[in-house]
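Peer 1: below: sequence and its predicted model.
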Amino acid sequence: MDGDGFGVGWYGSRVTPGVYRSIQPAWNDRNLRDLAAQIASPLFLAHVRAATETAVQQSNCHPFRYGKWLLVHNGVIDNFQQIKRELVLAIAPELYPAIEGTTDSEIMFYLALTFGLTNEIVNPLLSRRGNYPLSIVHYQFLNESLVQAVV
């Protein structure tokens, strides 16, 4: 089982989604059980992390949030350490300060935001080799039950 952290994101009564992340294994987190008993939402995104090349730290746990957006990703960008600088430099300067962690997933998220997530998500992400099970959700799409998934 993957025990390098986990996270849950949800949309409740506010426009900005809620997020709970921890570096503990999900099965040992009492706070998660308490939250799950109290939170009502039409949509949850959950992720259990198996750290690959980056540190086990809370800022590297998914989901990642920016404004009304949430992202979870399961996979890896091949040769990420070799291309990381190029990818990071392509992120819009106004978005860069919001990056908290060091994962390829979070960099992909901010690249998608930079290149127009609402208009075109597939090409910027798939131009890189790797594994891409990915879910991205925006508040305005909840009533339409739209979840964009790139597999």
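Peer 2: Okay, I see it.

Peer 1: state the distance from the closest residue to Val56 other than its chain neighbours to Ile77.
Peer 2: Leaving aside its chain neighbours, Val56 sits nearest to Asp4 (4.8 Å; criterion: CB to CB, 6 or more residues apart in numbering). In this view, the C-beta of every residue, glycine as well, is placed from N, C-alpha and C. Here the criterion is CB to CB, to the nearest Å. By it, Asp4 lies 18 Å from Ile77.

Peer 1: hang on, the earlier thing: shouldn't the residue nearest to Val56 be in contact with Arg49?
Peer 2: Yes. Contact criterion CB atoms under 8 Å: Asp4 and Arg49 qualify, at 4.6 Å.

Peer 1: looking at these two, which one has more neighbours?
Peer 2: Taking neighbours as other CB atoms under 10 Å, Asp4 and Arg49 compare with Arg49 leading, 25 against 18.

Peer 1: so who does that one touch?
Peer 2: Neighbouring residues of Arg49 by CB atoms under 8 Å, 6 or more residues apart in numbering: 2, 4-7, 56, 60-62.

Peer 1: which of the residues you listed count as buried?
Peer 2: Among the contacts of Arg49, those buried by neighbour count (16 or more other CB atoms under 10 Å) are 4-7, 60-62.

Peer 1: make CSV out of those and add distance to Gly18 and secondary structure.
Peer 2: Output for the buried ones among the contacts of Arg49, formatted as CSV (distance: CB to CB, whole Å; DSSP: H, G, I helix; E, B strand; the rest coil):
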residue, distance to Gly18, secondary structure
Asp4, 22, coil
Gly5, 17, coil
Phe6, 15, strand
Gly7, 11, strand
Asn60, 19, helix
Cys61, 14, coil
His62, 14, coil
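
Peer 1: Throw these into JSON lines and include pLDDT and distance to Ala40, thanks.
Peer 2: JSON lines is the format used below for the buried ones among the contacts of Arg49 (pLDDT from 0 to 100; distance: CB to CB, whole Å):
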{"residue": "Asp4", "pLDDT": "79", "distance to Ala40": "29"}
{"residue": "Gly5", "pLDDT": "85", "distance to Ala40": "25"}
{"residue": "Phe6", "pLDDT": "90", "distance to Ala40": "20"}
{"residue": "Gly7", "pLDDT": "91", "distance to Ala40": "19"}
{"residue": "Asn60", "pLDDT": "84", "distance to Ala40": "28"}
{"residue": "Cys61", "pLDDT": "88", "distance to Ala40": "23"}
{"residue": "His62", "pLDDT": "87", "distance to Ala40": "22"}
